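In: fold the following for me, if possible:
(chains A and B)
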2 protein chains.
Amino acid sequence: MRISRIAHPEGMAFAVVEGGQPDGTGATCREIAGHPFGEPEFTGRSWPFEDVRLLAPILPSKVVAVGRNYADHVKEVFKKSAEHLPPTIFIKPPTAVVGPQAPIRIPEWATHVEFEGELAIVIGKPCKDVKRDDWKSVVLGFTIVNDVSSRDLQFADGQWARAKGLDSFCPLGPWIETDLDFAELDNLPIKAHLTHDGATETKQDSNSDQMIKSIPEIVEWVSSAFTLLPGDVICTGSPAGTAEMVPGDSIDVEIPGLGHLVNPIERY
Amino acid sequence: MRISRIAHPEGMAFAVVEGGQPDGTGATCREIAGHPFGEPEFTGRSWPFEDVRLLAPILPSKVVAVGRNYADHVKEVFKKSAEHLPPTIFIKPPTAVVGPQAPIRIPEWATHVEFEGELAIVIGKPCKDVKRDDWKSVVLGFTIVNDVSSRDLQFADGQWARAKGLDSFCPLGPWIETDLDFAELDNLPIKAHLTHDGATETKQDSNSDQMIKSIPEIVEWVSSAFTLLPGDVICTGSPAGTAEMVPGDSIDVEIPGLGHLVNPIERY
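Out: Here you go, the predicted structure:
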């Protein structure tokens, strides 16, 4: 099931995207009566996919992110081996979250902003101290996140809150897939395609099999520190290939089974 | 006006604490009809202060904290001059927030947990890019925060999200004072008294006049990065004197005009 949050002709709602093509073309958006946790109840209203606009599929109370979870990315950003810089945890604020096609807006004082395409876990139940073997029981589904990062601020501040937490620096979407084959999670291609001056180049082309901490380990680790609430998002880390984006560019993060998360870059 | 959030005999509510002693003894808690932003409307119900329990005075959508904002604290923790380690920004998750008298619960794997008594700003209006001269227009009031910090995790992780974000690691209270004399903010004593084995010792004894970035500068800086929402909390940094707390201890952060924020320490 693909759970989305939509702007429709009469307002905003959670909706299930049914049928159609993998990108949503020709699908029907069936409005969910309340929240998307548990078995959804439907209002009976629906709209063609072409008549709605996708919003961020969830408004999380917190976005917890794993950093340095791919050895090749640790090397390209920090110039060090992942053995000496193990995975770490940081937090992106809810105000950073935007949806598909919403602009990533770069202030003038952030001078080197890169994309980071990642698989994101969406939590479905309040939980704490989840054992790795139980991780599936607390997960609603998966979506794509772009962990937008201003490298200049990241190194100047030491702490990553500003570098990765500016307004619009956490695009999420296009929807939450609840039926992703769990067996495939360990072997999921993750790609990012950057369009600059009209030319599109694939910059990230990796696979979730490169993660240092696996998804079950991440859920156990993160939930040992923080109570997680329904809708909270865990970003699982970025593989190598991150590169600078400038106003006028467009960035497309692609994960098969989840689709594409596309955002234009603008000057704030 | 002292805005509190209380558990009363019939439920929970925001309330104004009126009259009585500076510590609330003998005061009356007048229930607020809705939210505490703007001129409060009262339900007409009230309770004696002794019949209610104070909760965290606000549930923020985010807690933004300024680190390294007192030179003497930079030196004691990082063994470096503040000239080489300027103030930085980090984020504590909403799940870390607890109220007065709620236990700070330390897991066994956090092996060196310290208190950090700080003045906290509570935001009253949605805002972005606030100029320093306009800072008062977006502030609801002030409260006390204990920026509880596990030094072992802080240095092991590099990022401070876990060290300062574990459940219960953000005590707030006892209330939000909206009438603090703004002229006094630059000269406000900040103290922390640790009770260990029945003996109480004053460990922090500093003053807000030691801040590197002033309150107007902090509001400008933080709001240049993040949209701030009503109820969001900004922690203004800890002075020197932080020290370890262990289960069985009690920590009392005191700021004149705001009162005392007292929390016992327990094993998680």
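In: which residues of the stretch 51-200 of chain A lie near chain B?
Out: Residues of the stretch 51-200 of chain A found near chain B (Cβ under 8 Å from any Cβ of the partner chain) are A:61-62, A:64, A:67, A:85, A:88-96, A:107, A:128, A:157-162, A:165-167. Backbone N, C-alpha and C define where each C-beta goes, glycine included.
In: if we use 7 Å, what do you get?
Out: A:61-62, A:67, A:88-91, A:93-95, A:157-162, A:165-167 (Cβ under 7 Å from any Cβ of the partner chain).
In: in strands only, show me those residues.
Out: A:67, A:88-91 (DSSP state E).
In: just these now: which is nearest A:Glu114?
Out: Nearest to A:Glu114 among those, counting by Cβ to Cβ, is A:Gly67 at 13.3 Å.
In: with adjacent residues omitted, what lies nearest to the closest one?
Out: Excluding its sequence neighbours, the residue lying closest to A:Gly67 (Cβ to Cβ, 6 or more residues apart in numbering or on different chains) is A:Thr88, at 4.9 Å.
In: repeat that for A:Ala120.
Out: Per Cβ to Cβ, 6+ apart, closest to A:Ala120 is A:Val145, 4.0 Å.
In: A:Val16 and chain B: what is the separation?
Out: Going from A:Val16 to chain B by Cβ to the nearest Cβ, to the nearest Å gives 27 Å.
In: assign that residue to helix, strand or coil.
Out: Of the three states, A:Val16 takes strand under DSSP: H, G, I helix; E, B strand; the rest coil.
In: how about the strands in the stretch 101-250 of chain A?
Out: A:104-106, A:113-114, A:117-123, A:139-146, A:149-150, A:170-177, A:189-196, A:199-207, A:233-235, A:250-255 (DSSP state E, counting those that start in this stretch).
In: let's have these in JSON lines, adding mean neighbour count and mean pLDDT.
Out: Output for the strands of the stretch 101-250 of chain A, formatted as JSON lines (neighbours: other Cβ atoms under 10 Å in any protein chain shown; pLDDT from 0 to 100):
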{"stretch": "strand A:104-106", "mean neighbour count": "23", "mean pLDDT": "98"}
{"stretch": "strand A:113-114", "mean neighbour count": "24", "mean pLDDT": "98"}
{"stretch": "strand A:117-123", "mean neighbour count": "26", "mean pLDDT": "98"}
{"stretch": "strand A:139-146", "mean neighbour count": "26", "mean pLDDT": "97"}
{"stretch": "strand A:149-150", "mean neighbour count": "24", "mean pLDDT": "98"}
{"stretch": "strand A:170-177", "mean neighbour count": "27", "mean pLDDT": "98"}
{"stretch": "strand A:189-196", "mean neighbour count": "20", "mean pLDDT": "98"}
{"stretch": "strand A:199-207", "mean neighbour count": "15", "mean pLDDT": "97"}
{"stretch": "strand A:233-235", "mean neighbour count": "27", "mean pLDDT": "98"}
{"stretch": "strand A:250-255", "mean neighbour count": "22", "mean pLDDT": "98"}
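In: a markdown table for those, including distance to B:Pro256?
Out: Below are those laid out as a markdown table (distance: least, Cβ to Cβ, whole Å):
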| stretch | distance to B:Pro256 |
| --- | --- |
| strand A:104-106 | 42 |
| strand A:113-114 | 44 |
| strand A:117-123 | 42 |
| strand A:139-146 | 45 |
| strand A:149-150 | 40 |
| strand A:170-177 | 40 |
| strand A:189-196 | 53 |
| strand A:199-207 | 54 |
| strand A:233-235 | 41 |
| strand A:250-255 | 51 |
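In: looking at those, which is nearest to A:Glu244?
Out: strand A:113-114 (5.5 Å).
In: still on that earlier bit, list the ones among the residues of the stretch 51-200 of chain A next to chain B that fall in helices.
Out: Per DSSP state H, helices hold the following members of those: A:157, A:161-162, A:165.
In: quick check, the residue nearest to A:Ala120 in contact with A:Leu172.
Out: Yes - between A:Val145 and A:Leu172 a contact is recorded at 5.5 Å, counting by Cβ atoms under 7 Å.
In: go ahead and confirm A:Gln101 touches A:Val262.
Out: Yes - between A:Gln101 and A:Val262 there is a contact under Cβ under 7 Å: 6.2 Å.
In: between these two, which one's more packed in?
Out: Taking other Cβ atoms under 10 Å in any protein chain shown, A:Gln101 and A:Val262 do not tie; A:Val262 has more neighbours (20 against 16).
In: beta partners of the more buried one?
Out: Per DSSP bridges, the residues bridged to A:Val262 are A:Asp252.
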